[in-house]
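Peer 1: Could you look at this predicted model? Sequence included:
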Amino acid sequence: MCGIVGYTGENQAAPILLDGLKRLEYRGYDSAGLAVRDGDALAEVVKATGKLYHLADKTDQGRSLPGNCGIGHTRWATHGDPSLINAHPHVSGSCSGSGSGKVESDVVGVHNGIIENYGELKEKLLRHGYRFYSDTDTEVVVKLVDYYYKKYKIGPVDAITRTMVRVRGSYALALMFKDHPGEIFAARKDSPLIIGAAENAAFLASDVPAILKYTRSVYYIGNLQVARLSPGSVKFYDLNGDEITLPLTEITWDAEAAEKGGYEHFMLKEIHEQPAAVRDTLVSLVKDGTVDLTETGLTDGDLKRFAQIDIAACGSAWHVGMAAQYVLEDLAGIPVRVELSSEFRYRTLPLGKDTLVIVISQSGETADSLAALRVAKERGAETLGIVNVIGSSIAREADHVLYTMAGPEIAVATTKAYSAQLAAVYALAIRTALARGTVSQERHDALVSELMTLPEKIRRVLEEKERLQWFSTKISNAKDIFFIGRGLDYAISLEGSLKMKEISYIHSEAYAAGELKHGTISLIENNTLVVGMLTQAGLYEKTLSNMMECKSRGAFLMGLTANGNFSVEDSVNFTVYVPKTDEHFMISVAIVPLQLLAYYTSVNRGLDVDKPRNLAKSVTVE
Ligand code: G6P
């Protein structure tokens, strides 16, 4: 989703803004723009559609836009098509057809999020003589700020807080005012925004990697708060316009973590970082051989008390929820319901004190997951966020937080964050089972020690990557691919299929193997690839039979199973073996070949692996 950056300081702003936007590219966008001003001079806006290099070319890598203060934006279209005129920054006055040029207006701004009542606000502004040049909700907000600024002759902070009270929806806003050279004003509600502090400079961005090259000192601006940035100073205000103090956080992870480090793509790098992501997550949750959830604030008493667990998540995080359901039910004997966040919030599920609602989210900012969390809290449930990004909205609002330790994930298609989430839910399931007495201390210890072998087992799967690279060349022209399995193997299928379709653009479906013959099997043609998951001993024969039903209708079969199940080779065309582990944890090793297969297929097809079309890393719209 849209990315925003801002800089004010002693250096030239435009190159810093372009660099920051580059690091936010992973969020997904279809146009970009900058507004930069040189001292007291009017700000100048330049916009370009398509990739960021068009904007860099248009501004001679930023050199043709002199000035020490500026804001930048990458836009992922929501209101209005991805055109020059709809690209940000937007101004409070009128603007030329291309949207670029000197800003005569009082206010210029960029925005990430969605203003839900923009139609009603637009009508109000039209009545007051404002004219609109774009289809965006952002232009409405910028003009509304301008309206209050002039009507009440109040300063920028008060004009912004008045606007915040009137708008419904989500926003991270960065604004510059003609009368306040060298200053940037920012506001946030439900969209990610961080503020960076440095000597003689200040930054803002949608995400830390955008500014990490320049500073490690970061403020996590809260919901409904305003920031005022000038070189070397950052001030914060609440909705009343009163100054407040926020803690400064030092980012400890390395800028390296957000660089490709020799890999051709972030996705490949992140696939290889999975042993570390899983190990770091487990190490944070296991103390002296025992799962320890003290840091989450969840006690054994809580885990015993819950009668029901509901899980809400989106995308791959929802697939982790599917896996968690099987593992929690099997180990801890507790009923678990898994819902897509976008559905959860519209159901009137009976929730209460004895329900634990777990929201799983890498970014901690996914709009539907945040909304699901709020619904759960309103209905009186206790909430746990399993989140990767420290200080994100879900982390801040959940009653309990369990942080995954995947580090920054840049590729849109998640890999290491997914694996870290799996590790987290295994640990949670084991502790819940111990607390509820459904596993003995001995079984707990055995499960934990098996858990600790996962990083090494994942590393061993990575050694097999050439075989998957080779197989990917056979399937790169496939029309359809089906991933099937039962139980936990169905949960793997869901993620394997999503990885394949999102980055290779090959149509792919995951199906519960037993359900295939109730419709989907009619899609099987000669040479259609069917990937069967065979990691669960009790379901092996049944799934294999379902694969054979496909084969007899022309399908080409790939089987994925644990080392030692060599008989599978008698039935399928291509077999992938992964190290054996406890069956509850098999997804962690079995997903890796599927990630690699999707990755190499996308590369073979010459696609933009890290930034697939139409997708965004962090979906902050509903
Ligand atoms: C987007 C990403 C997916 C991710 C999903 C949920 O669609 O492309 O990779 O699984 O959002 O994101 P979250 O940050 O909540 O885990």
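Peer 2: All right, it came through fine. The structure presented is a predicted model; accordingly, all values stated were derived computationally and were not measured.

Peer 1: ok, which residues in the chain are in contact with the ligand?
Peer 2: Contacts of the chain with the ligand, taken as CB under 6 Å from any ligand atom, map to 314-317, 361-363, 366, 369, 412-414, 615, 617-619. Where C-beta positions appear, they are placed from N, C-alpha and C, glycine not excepted.

Peer 1: quick one: which of those residues is nearest Tyr599?
Peer 2: Tyr599 has its nearest neighbour among these in Ala413, at 8.2 Å by CB to CB.

Peer 1: Am I right that that closest one is in contact with Lys499?
Peer 2: Yes - using CB atoms under 8 Å, Ala413 is in contact with Lys499, at 5.9 Å.

Peer 1: joint contacts of those two?
Peer 2: Ala598 (CB atoms under 8 Å, 6 or more residues apart in numbering).

Peer 1: so where's the stretch 451-600 of the chain shaky on pLDDT?
Peer 2: Within the stretch 451-600 of the chain, no range satisfies pLDDT under 70.

Peer 1: one more time with 90, if that's ok
Peer 2: Applying pLDDT under 90 to the stretch 451-600 of the chain flags residues 464, 466, 515-525, 564-570.

Peer 1: before we move on, the earlier item: filter the residues of the chain next to the ligand down to the ones in helices?
Peer 2: Judged by DSSP state H, those include Gly315, Ser316, Ala317, Ser369 as members of helices.

Peer 1: how close does Phe177 sit to the ligand?
Peer 2: Here Phe177 is placed at a distance of 34 Å from the ligand (CB to the nearest ligand atom, to the nearest Å).

Peer 1: Tell me what that residue is bridged to.
Peer 2: Val107 (DSSP bridges).

Peer 1: How about the contacts made by it?
Peer 2: Shown in contact with Phe177 (CB under 8 Å, 6+ apart): Asp106, Val107, Tyr149, Pro156, Glu183, Phe185.

Peer 1: Of the residues you listed - the most surrounded one?
Peer 2: Neighbour counts for the contacts of Phe177, by other CB atoms under 10 Å, peak at Val107, which reaches 28 neighbours.

Peer 1: how about it, what does it touch?
Peer 2: Counting by CB under 8 Å, 6+ apart, Val107 makes contact with Val91, Ser92, Val142, Lys143, Val145, Asp146, Tyr149, Leu175, Met176, Phe177, Lys178.

Peer 1: how far away is the first one from Tyr148?
Peer 2: Plainly put, Val91 is 16 Å away from Tyr148 if you go by CB to CB, to the nearest Å.

Peer 1: Please apply the same query to the third one.
Peer 2: Here Val142 is placed at a distance of 12 Å from Tyr148 (CB to CB).

Peer 1: can you check Ile195 too?
Peer 2: Ile195 is 23 Å from Tyr148, by CB to CB.

Peer 1: can you check Val208 too?
Peer 2: 32 Å.

Peer 1: do the same with Gly364
Peer 2: Distance, Gly364 to Tyr148, by CB to CB: 31 Å.

Peer 1: So for Val91 and Tyr148, which sits in the more crowded spot?
Peer 2: Val91 (25 against 19).
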